[in-house]
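Asks: 3D model of this:
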Amino acid sequence: MPALVVLIPVAGALLLVTLVLAPLSLLAGRSGRAWQPQRLALYVLVYLIADLCGVLAAGGVRLRCLGGGRDREERLVTLNYRVLARLLDFLVTCSGWIFSLRVEVDPPIPPIPSSTERPGEGIVVFARHAGPGDSILLVHGLLCRAGLRPQVVLKQFLRWDPCLDIVLSRLPHCFVPHRTEAGTSAAIGLLAAALRPGEALVMFPEGGNFTERRRRRAIGWLNRTGQLRRAARARHEQHVLPPRMEGSLAALSGAGDAGAVVAFVAHTGLDRIDSPARLWQSIPLRRAVRATWWSVPARAIPAGAQARQWWLTDQWSRVDAWVTREWNRPTPAPPAAP
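Replies: I've put the predicted structure just below:
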């Protein structure tokens, strides 16, 4: 929290400096890449302020739920989901203004159910992890567009973000340590098994953002541990990391117990931004972030760990094939100048 409070005026000063240097950005605009420093500085400031507002809102929620009553915990969860939805909606809207972010989902996300209607099943979501902010877009889509309550499996490092630490810790979640500890997979399985209608367990089975270096390291690890068939499959997949099986199989087992649907999410548009230099070159975004998804009912998930491992591997190959097709699509021409 002290770091957050200190960083906000620092980010404000950085924004002022970039505005003073705006004439240089105007010169760079001749190459079609103008205002990168201002856009980045503005977004950093917006994010930090949103984070602080989220912490204050979470404090207000705690005060509202100080009283007793059997529905206290449910009210606490509901209000914290409301805080999370407003923060995500604000950040995604600002990303559209600042970075020209556009998101296209095919097939479209089903509309939010009415207040008297709840989705019929819980959902376990396995999503590709590639590019800055893709997890924010995914959780925003589930919470704000599909009306689901996401329960996220995410790295423990993200607890350094005060708002994430406070808000997510009041919701069903699983923070995964840097070196996976005994019991982490069991915790994921319990979350999946306890899913209720309208809830979605969100996992990134690759364990981190896709980069070519991580892909090579993952293939090497599979070879060293004797998983030669999986290594051979991974060598043919150019856009995904091989899924980490322990936590993924625990989630599939829990999904079977809960009768939950399993959904897969593939996306592209941010995945080429894998370094600070490419981030700089990509602003503003020229391509829309495109995503697709498909679902599998619980009864169609095979039984047995070995069968589930290869079933998940096949689904991940489908993700890679879709991304390959998207990468091969021609880049749309920029809009004509008026």
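
Asks: For the rest of this, base every contact and every neighbour count on C-alpha atoms.
Replies: Will do.

Asks: Tell me which stretches of the stretch 51-200 of the chain form helices.
Replies: Using DSSP state H, counting those that start in this stretch, the helices of the stretch 51-200 of the chain run over 72-99, 134-140, 162-169, 184-193.

Asks: Quick one: closest of the ones you listed to Ile301.
Replies: Closest to Ile301 of the helices of the stretch 51-200 of the chain is helix 184-193 (CA to CA; 14.2 Å).

Asks: buried set for the closest one?
Replies: By neighbour count on 16 or more other CA atoms under 10 Å, the buried set for helix 184-193 is 184-185, 187-193.

Asks: want to throw the residues you listed into a markdown table with pLDDT and distance to Gly96?
Replies: What follows is the buried residues of helix 184-193, written out as a markdown table (pLDDT from 0 to 100; distance: CA to CA, whole Å):
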| residue | pLDDT | distance to Gly96 |
| --- | --- | --- |
| Thr184 | 85 | 36 |
| Ser185 | 87 | 36 |
| Ala187 | 90 | 36 |
| Ile188 | 91 | 33 |
| Gly189 | 90 | 36 |
| Leu190 | 91 | 37 |
| Leu191 | 91 | 33 |
| Ala192 | 91 | 33 |
| Ala193 | 90 | 36 |
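
Asks: Distance to Phe204 for the residues you listed - can I get that in CSV?
Replies: Output for the buried residues of helix 184-193, formatted as CSV (distance: CA to CA, whole Å):
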residue, distance to Phe204
Thr184, 14
Ser185, 13
Ala187, 15
Ile188, 12
Gly189, 14
Leu190, 17
Leu191, 15
Ala192, 14
Ala193, 18
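
Asks: would Ile273 count as being in a helix?
Replies: No. Counting by DSSP: H, G, I helix; E, B strand; the rest coil, Ile273 is not part of a helix but coil.

Asks: any idea how far the closest residue to it other than its chain neighbours lies from Gln151?
Replies: In space, and not counting its chain neighbours, Ile273 is closest to Leu279: 5.3 Å by CA to CA, 6 or more residues apart in numbering. For Leu279, the distance to Gln151 equals 29 Å [CA to CA, to the nearest Å].

Asks: who's more crowded, these two?
Replies: Set Leu279 next to Gln151 and count neighbours by other CA atoms under 10 Å: Gln151 wins out with 22 against 18.

Asks: Contact partners for the more buried one?
Replies: Going by CA atoms under 8 Å, 6 or more residues apart in numbering, Gln151 touches 171-174, 199-202.

Asks: mind redoing it with 10 Å?
Replies: Taking CA atoms under 10 Å, 6 or more residues apart in numbering as the criterion, Gln151 is in contact with 124-125, 139, 168, 171-174, 191-192, 195, 199-203.

Asks: Tell me the span between the first and last residue of stretch 285-301.
Replies: Counting by CA to CA, you get 38 Å between the two ends of stretch 285-301.

Asks: what distance separates that stretch from the middle of the whole chain?
Replies: Chain-centre distance of stretch 285-301: 13 Å, with CA atoms, centre = their mean, to the nearest Å.

Asks: With distance to Gln238 added, can I get the helices of the stretch 51-200 of the chain in a markdown table?
Replies: Supplementary listing: the helices of the stretch 51-200 of the chain in a markdown table, determined by distance: least, CA to CA, whole Å:
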| stretch | distance to Gln238 |
| --- | --- |
| helix 72-99 | 27 |
| helix 134-140 | 19 |
| helix 162-169 | 32 |
| helix 184-193 | 27 |
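
Asks: Quick check: buried residues in stretch 270-284?
Replies: 270-274, 279, 282-284.

Asks: Tell me where this protein has strands.
Replies: 103-105, 123-127, 149-155, 174-176, 199-203, 261-268, 289-296 (DSSP state E).

Asks: just for the stretch 1-150 of the chain, where's the confidence low?
Replies: Within the stretch 1-150 of the chain, the segments meeting pLDDT under 70 span 21-34, 68-70, 111-120.

Asks: State the distance from Gly226 to Ile301.
Replies: According to CA to CA, Gly226 stands 26 Å off from Ile301.

Asks: distance of Arg64 from Leu79?
Replies: Arg64 is 9 Å from Leu79, by CA to CA.

Asks: go on, Val202?
Replies: From Val202 over to Leu79 (counting by CA to CA), the distance is 20 Å.

Asks: the more surrounded of these two?
Replies: Applying other CA under 10 Å to Val202 and Leu79 shows that Val202 carries more neighbours, namely 26 against 20.
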